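Undergrad: predicted coordinates and the sequence they were generated for:
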Amino acid sequence: MFTSFKLSLPILGVLAIAPLSMVAYGSVVINGTRVIYQGDKKEVTVSLTNNNKTPVLIQNWLDYGKNSSAKENEAIPFIVTPPINRVDPGKGQTLRIRYTGLPALPQDRESVLWLNVLEIPSSKKTSAGDEEQSKLNIAFRTKIKFFYRPAALTGSPVKAAAELRWHKIKNEVIATNNSKFYISLVDLSWQINGKKHEQSGTMISPGATAKFAVSNTEQVSQIRYTVIDDYGGIREFSSKL
């Protein structure tokens with residue numbers, strides 16, 4: 001899960017940059033770390049909960065993760081309802097996401113988008129009824145992966161992860177995903193002279209490869225790796241080189 005935030009100073013009408021030491025957490029919690037949309041379903045639902053003591057306004061949308069502010073210009077074949085709504089403290093909200101098919105997504109492999117939930121907290125009021133202009137308003141955006149899985153696909157992401165093809169060339173280890181599913185590789189590890197080495201992973205698209213720098217590959221005979229499954233759990237695998 002990726003969380004970003006923006007600080008605004010209403011009294012100045014400008015953006016402020018948060019100190020590097022600042023740690024911020026949103027109050028709206030998404031039930032799950034990823035969404036799987038099965039192609040034979042009419043819609044998928046996502047549950048949100050406001051754990052704050054005050055109401056929040058939430059805006060929800062899907063994008064392709066290009067970090068573009070002009071999200072309204074992206075052609076997204078899904079409708080998210082409600083797109084914007086108030087959620088009272090301690091209450092929940094159910095998002096309904098429906099595939100429109102326009103533009104059509106590939107039916108021979110998975111597609112990945114990002115579900116965005118922007119949380120805007122309410123402003124406190126002074127005794128005079130005016131908003132507290134000196135108080136920082138913090139808007140949190142949470143993003144999780146959204147996978148569209150066509151109904152015609154056979155096999156499973158778990159099987160695809162187990163069947164990753166690994167080989168080494170010079171000082172690189174290469175993973176090839178020959179499946180029609182995205183594989184979310186968390187990390188990989190190997191042994192050299194009894195010492196464990198590790199490296200962070202990446203998400204490997206269907207039919208794509210990922211390269212990892214590994215020194216002394218001639219001494220590496222086996223790779224161990226972990227992936228995230230549909231439920232956000234971690235699964236471990238190994239492969240000989």
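TA: Noted; the coordinates are in hand. Residues are numbered from 1 along each chain as shown.
Undergrad: what pairs with residue 114 across the strands?
TA: residue 63, residue 145 (DSSP bridges).
Undergrad: what's the answer for residue 35, then?
TA: Beta-bridge partners recorded for residue 35 (DSSP bridges): residue 146.
Undergrad: distance of it relative to residue 147?
TA: With the distance defined as CB to CB, to the nearest Å, residue 35 ends up 7 Å from residue 147. C-beta coordinates here come from the backbone N, C-alpha and C atoms, glycine included.
Undergrad: so which bits of stretch 79-88 are buried?
TA: Of the residues in stretch 79-88, 80, 87 count as buried by neighbour count, 16 or more other CB atoms under 10 Å.
Undergrad: what about residue 207, how many residues nearby?
TA: Neighbour count for residue 207, taken as other CB atoms under 10 Å: 11.
Undergrad: do the same with residue 122
TA: By other CB under 10 Å, neighbour count at residue 122 equals 14.
Undergrad: please name the residues that touch it.
TA: Applying CB atoms under 8 Å, 6 or more residues apart in numbering to residue 122 gives the contacts 54, 55, 56, 57.
Undergrad: how about those residues, which pair is most distant?
TA: Using CB to CB, the contacts of residue 122 span at most 10.8 Å, a distance reached by 54 and 57.
Undergrad: how much space between the most centrally placed residue in the chain and residue 166?
TA: Nearest to the geometric centre of the chain sits residue 144, at 2.8 Å (CA atoms, centre = their mean). In this structure, residue 144 and residue 166 are 28 Å apart, going by CB to CB.
Undergrad: same question for residue 57.
TA: Taking CB to CB, one finds residue 57 at 47 Å from residue 166.
Undergrad: now do residue 195
TA: Distance, residue 195 to residue 166, by CB to CB: 20 Å.
Undergrad: for residue 61, same thing?
TA: Relative to residue 166, residue 61 is positioned 37 Å away (CB to CB).
Undergrad: and for residue 233?
TA: Using CB to CB, residue 233 is found at 22 Å from residue 166.
Undergrad: residue 107 now?
TA: 29 Å.
Undergrad: cool, residue 42 as well?
TA: 39 Å.
Undergrad: now residue 209
TA: Counting by CB to CB, the gap from residue 209 to residue 166 is 10 Å.
Undergrad: quick one on the thing from earlier: between residue 42 and residue 166, which has more neighbouring residues?
TA: Neighbour totals were compared for residue 42 and residue 166, and residue 166 leads with 19 against 7 (other CB under 10 Å).
Undergrad: element containing that one, please.
TA: According to DSSP states H and E, residue 166 maps onto strand 165-169.
Undergrad: next helix or strand past that strand?
TA: strand 172-176.
Undergrad: so what strands line up beside that following strand?
TA: strand 165-169 (antiparallel), strand 209-213 (antiparallel).
Undergrad: give me the distance from the next helix or strand after it to the chain's centre.
TA: Using DSSP H and E, the helix or strand that directly follows strand 172-176 along the chain is strand 183-192. From the chain centre to the centre of strand 183-192 is a distance of 20 Å (CA atoms, centre = their mean, to the nearest Å).
Undergrad: same check, this time on stretch 198-205
TA: With CA atoms, centre = their mean, you get 14 Å for stretch 198-205.
Undergrad: can you check stretch 208-223 too?
TA: Distance of stretch 208-223 from its chain centroid, counting by CA atoms, centre = their mean, is 27 Å.
Undergrad: noted, bye for now.
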